[in-house]
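> just a sequence and a predicted model for now, questions to come.
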Amino acid sequence: MRLVKAASCVLVGVLMAVAGGVQAGAQSPVGLRPVCTVHVLNVRLADPGPAAYRLWGKLCQRPGAKPKAVQVLQPGGTYNHLYWENPYRGGIYSYEVAATLAGYATFTFDRIGTGNSTFPPATELSIAGEAVALHDVVTALRAGAVGGRAFRHVITVGHSFSSMVSAAEAARYDDVDGHIHTGVVHAVADAAFAFGASAHHAASEDPKFAGRDLDGYQTTVPGVRGAFHSSATSNAEIVAMDEANKDVHATHEGPEAFEFLQPATPADAITRQVKAPVLLLLGGDDFTFCGAGGVDCSSPARVRAHEAKFWYRDGARVTFAVVPGVGHSIHLSTAAPRAAAIMLGWSYRIARP
């Protein structure tokens with residue numbers, strides 16, 4: 001299957017040209033910046049409710065646009081909405097900018113327990129519970145409860161941990177047109193086990209979060225964020241930005257994530273229940289999943305050979321893609337425009353804006 005059909009080739013070319021053309025400047029041109037409005041939704045962590053948790057998000061679109069499709073952008077573990085906004089050099093690598101430039105609306109939010117959203121006791125958080133919160137977001141967007149426009153099409157976009165949440169939501173509710181699954185496969189590389197054992201500590205021990213009541217939450221130890229990046233597509237400034245903007249994650253969700261990544265058999269994977277079309281995108285240098293003990297990320301075909309059995313109908317509705325020379329944090333890299341071109345080309349096939 002061709003990843004980008006003829007109808008979307010022009011779109012992809014424009015995105016790449018824009019990204020290349022503004023790299024020499026300090027920030028993205030004013031005309032490319034989306035118009036954004038902040039919205040706070042009351043969501044649940046269990047179905048049925050109550051909707052007792054306040055979720056902060058922002059709805060963005062190109063000035064004057066009236067899109068029918070929205071992409072829901074969720075940050076991964078120890079990240080917040082800034083992952084998709086990517087403020088490096090004024091946002092020239094921002095997926096939020098790229099998606100709105102392509103005509104989509106975006107709803108970028110802080111997951112419960114991160115950023116500007118409610119911080120409940122950490123034990124109230126789980127993959128299943130966060131999937132309920134995501135379902136409430138999708139429902140609100142379809143109903144016109146965010147910004148007064150009812151969106152006909154919804155594509156969820158996850159990174160790392162939030163890709164797991166998106167998969168759980170799609171499996172349970174089957175309410176999205178498609179799902180973009182970045183930074184996760186059903187494997188764990190040996191390097192990730194070593195990193196996980198030493199690179200995290202209680203959020204209360206971190207200078208960034210000093211004085212905050214974050215019992216049960218963790219974050220990365222200062223100075224280790226560079227592991228999420230590849231030297232081929234990153235630099236000291238990007239890594240420093242990543243460190244400065246890092247967030248927290250409920251500690252007990254870590255073992256849940258490993259259960260998701262390593263089901264007893266492929267038939268036990270929750271992704272086997274995801275019927276919507278999926279784009280699975282990896283960075284070729286993602287140390288958490290690529291390499292010894294993990295997956296051969298040298299090509300989409302090799303990723304498919306490992307991963308297809310974990311998905312509905314043996315991956316029949318999954319498109320696999322790899323961005324070479326990119327680490328775990330794909331959209332905090334100088335190759336982000338290449339990833340965006342792949343994601344938006346696929347999105348145009350699923351639900352045009």
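Done, it's in.
> can you map out the helices along the chain?
Assigned by DSSP state H, the chain shows helices spanning 6-22, 82-85, 95-101, 127-143, 161-173, 190-198, 236-245, 253-261, 300-307, 336-350.
> among those helices, which is nearest residue 121?
Between residue 121 and the helices of the chain, the tightest spacing by CB to CB is seen for helix 127-143, at 12.0 Å. C-beta here means a position set from N, CA and C on the backbone, and glycine is covered the same way.
> by contact count, what packs against that closest one?
Applying 3 or more CB pairs under 8 Å, 6 or more residues apart in numbering; DSSP states H and E, one finds that helix 127-143 makes contact with strand 35-43, strand 53-61, strand 69-73, strand 105-109, strand 153-159, helix 161-173, helix 253-261.
> got the CA coordinates for it in PDB?
C-alpha atoms of helix 127-143 as PDB (Å, rounded to 0.1, in the frame of the first residue of the first chain):
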ATOM      1  CA  ILE A 127      -4.100   2.900  31.400                       C
ATOM      2  CA  ALA A 128      -7.700   1.900  31.400                       C
ATOM      3  CA  GLY A 129      -8.700   5.000  33.400                       C
ATOM      4  CA  GLU A 130      -6.800   7.300  31.100                       C
ATOM      5  CA  ALA A 131      -8.600   5.700  28.200                       C
ATOM      6  CA  VAL A 132     -11.900   6.700  29.700                       C
ATOM      7  CA  ALA A 133     -10.700  10.300  30.000                       C
ATOM      8  CA  LEU A 134      -9.600  10.200  26.400                       C
ATOM      9  CA  HIS A 135     -13.000   8.800  25.400                       C
ATOM     10  CA  ASP A 136     -14.600  11.800  27.100                       C
ATOM     11  CA  VAL A 137     -12.400  14.100  25.100                       C
ATOM     12  CA  VAL A 138     -13.300  12.400  21.800                       C
ATOM     13  CA  THR A 139     -17.000  12.500  22.800                       C
ATOM     14  CA  ALA A 140     -16.800  16.200  23.600                       C
ATOM     15  CA  LEU A 141     -15.100  17.000  20.300                       C
ATOM     16  CA  ARG A 142     -17.700  15.100  18.300                       C
ATOM     17  CA  ALA A 143     -20.600  16.700  20.200                       C
END
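> buried residues of that helix, list them for me.
127-138, 140-142 (16 or more other CB atoms under 10 Å).
> got the angle between it and helix 253-261?
80 degrees (axes from the mean of the first three to the mean of the last three CA atoms, to 10 degrees).
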